[in-house]
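**Q** next come a sequence and a model predicted from it.
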Amino acid sequence: MRLVLASSSPSRRSILLSAGVDPVIAPANVDEDAIMHTLGSASASEVVQALATAKAEAIAPDFPDDVVLGCDSMLLLEGELQGKPKTVEATIKRWRQQRGKVATLLSGHHLITPDAHRSFVRETQVYFAQASDADIQAYAHSGEPLQCAGAFTLEAIGGWFIDRIEGDPSSVIGLSLPGLREAFYSLGFQASDFWHPNSGQ
């Protein structure tokens, strides 16, 4: 059984590879801004779920016999959803706003199998450090956080500036392995159905 990931995210691929799954990478081309515009006053959870669903549905017709996974992550900070900062300047501004604060990282997931669909959202509390201006500047110029939800990564340089989390670590990195396992079970699969033959060797 193949798992098709509707994302080019290195972090999501890395999580799956470390967990024994070698996914097919098939990035979805969706207009996230347009989708969010149509959602109006939807909740933060509904927004990330809608984006994850759109990504999975965009590529599912090309993989009718496989299991397709779409994901999306955004940071909820002081009542506002934060996506990818994309520029050094926006990253610096974002970090000056979020340092020393607690925010919620929401990760939406949508699975499509030949016979069914499953959706779920995981929420994790992220405690940001009181990062110095110099470190914020250096981190922004490293390029790492520019394409990351919340302008940080937990597993790389950004780990310096996250004091702790409450919740699912894999969800903060890119996708929830526990949530994925539960979804697989509900669809009649085992997690091990997707492991590549040399897993654990």
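**A** Now that the structure is in, tell me what you want to look at. Note that the structure is a prediction, hence the values are computed from the model and not measured.

**Q** before we move on, what SS does residue 75 have?
**A** strand (DSSP: H, G, I helix; E, B strand; the rest coil).

**Q** the residue nearest to it when sequence neighbours are not counted: neighbour count?
**A** Spatial nearest neighbour of residue 75, chain neighbours left out: residue 150 (3.4 Å); criterion: CB to CB, 6 or more residues apart in numbering. Every residue, glycine included, has its C-beta placed from N, CA and C. Using other CB atoms under 10 Å, residue 150 has 28 neighbouring residues.

**Q** contacting residues around residue 150?
**A** Residues near residue 150 by CB atoms under 8 Å, 6 or more residues apart in numbering: 73-75, 77, 82, 98, 103, 105, 126.

**Q** with respect to residue 42, which of these is nearest?
**A** residue 74 (12.1 Å; CB to CB).

**Q** can you tell me how far the closest one is from residue 198?
**A** 35 Å (CB to CB, to the nearest Å).

**Q** and the two? which has more neighbours close in?
**A** residue 74 (24 against 8).

**Q** so how far is residue 132 from the most centrally placed residue in the chain?
**A** The residue lying closest to the centre of the chain (CA atoms, centre = their mean) is residue 174, at 3.4 Å. Separation of residue 174 from residue 132 (CB to CB): 27 Å.

**Q** pretty sure residue 97 is touching residue 80, no?
**A** No: using CB atoms under 8 Å, residue 97 is not in contact with residue 80; the gap is 9.8 Å.

**Q** of the two, which one has the most company?
**A** Taking other CB under 10 Å, residue 97 and residue 80 do not tie; residue 97 has more neighbours (16 against 11).

**Q** nearest spatial neighbour of the more buried one, chain-adjacent residues omitted?
**A** residue 77 (7.2 Å).

**Q** what of residue 88?
**A** residue 140 (4.7 Å).

**Q** and the gap between the one you found and residue 174?
**A** 20 Å.

**Q** how about residue 194?
**A** Residue 194 is 16 Å from residue 174, by CB to CB.
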